[in-house]
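Participant: can you look at this prediction? I've put the sequence above it.
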Amino acid sequence: MSDTRQEHWDNIFATKDEEAVSWFQVRPETSLRLIRACGLPKDASILDVGAGRSRLPDALLEEGFTNIAVLDVSAAALAKTKARLGDRGRAVRFIVADLAVWQPDLTVDLWHDRAVLHFLTEERDRAAYAQALRRAVRPGGFVLISGFAPSGPERCSGLPVVRADQDAIASLLGPGFDLLETFEEDHQTPSGGRQRLVFTRCERRHG
């Protein structure tokens, strides 16, 4: 499954323009607002999983953050992000990995996932995702996860997705996390369509 997933996303990012994919954002304002709400110092470790060609690392660098990592199953996507960042990319760690099998080798203050978890439709893959998250996020760290809400699309990028509400996301994380904030919001795609997303901000408990 991992090889198939990598081939699918490498093909997407190698053949489509940045603004041709439905999840494209010129600036990830909602993610930035949620990150600011965590009150992190500028040297906090931030991991953006399923980053693709997202412009979140650009925005985080502009805001003065100095310890950023981006992870994606597609090497093609990360290569394009690295090229876009240029010299600024020296401050960013690039990790090519499949979240369904990844074994974290870092500890982070914030885990950010915008519209990635919902592509993991198999229970074992979602469980592996949660296990990786729990290994990576330190006590007192934050988890930001967004994905298609129950009223959102059933498919994206030619793939089925798992739609979920905030309770399903919190349940996946487990009892060691507190749900601090949740809301739904429409994302307008470059083609003019609308996709309903649920956003969650959680904090890992100490002890």
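Facilitator: Great, that's in hand.

Participant: so what's L180 up against?
Facilitator: R201, C202, E203 (Cβ atoms under 8 Å, 6 or more residues apart in numbering). Backbone N, C-alpha and C define where each C-beta goes, glycine included.

Participant: pipe those into JSON lines and attach pLDDT per row.
Facilitator: JSON lines is the format used below for the contacts of L180 (pLDDT from 0 to 100):
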{"residue": "R201", "pLDDT": "98"}
{"residue": "C202", "pLDDT": "98"}
{"residue": "E203", "pLDDT": "98"}
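
Participant: return the helix or strand in this structure with minimum mean pLDDT.
Facilitator: helix 2-15 (a mean of 76; mean pLDDT, DSSP states H and E).

Participant: beyond that helix, next helix or strand please.
Facilitator: Using DSSP states H and E, the next helix or strand after helix 2-15 towards the C-terminus is helix 29-37.

Participant: neighbour-wise, which one of the contacts of L180 leads?
Facilitator: Greatest neighbour count in those, by other Cβ atoms under 10 Å, goes to C202: 24 neighbours.

Participant: test my guess that that one contacts A170.
Facilitator: Yes. Assessed by Cβ atoms under 8 Å, C202 is found in contact with A170 at 6.8 Å.

Participant: how about the strands in this protein?
Facilitator: According to DSSP state E, the chain carries its strands in the segments 45-49, 67-72, 92-96, 108-114, 137-148, 155-156, 159-160, 177-188, 194-204.

Participant: tell me how far the first one lies from the chain's centre.
Facilitator: If I follow you right, that is strand 45-49. Remark: strand 45-49 is offset 8 Å from the chain centroid, using Cα atoms, centre = their mean, to the nearest Å.
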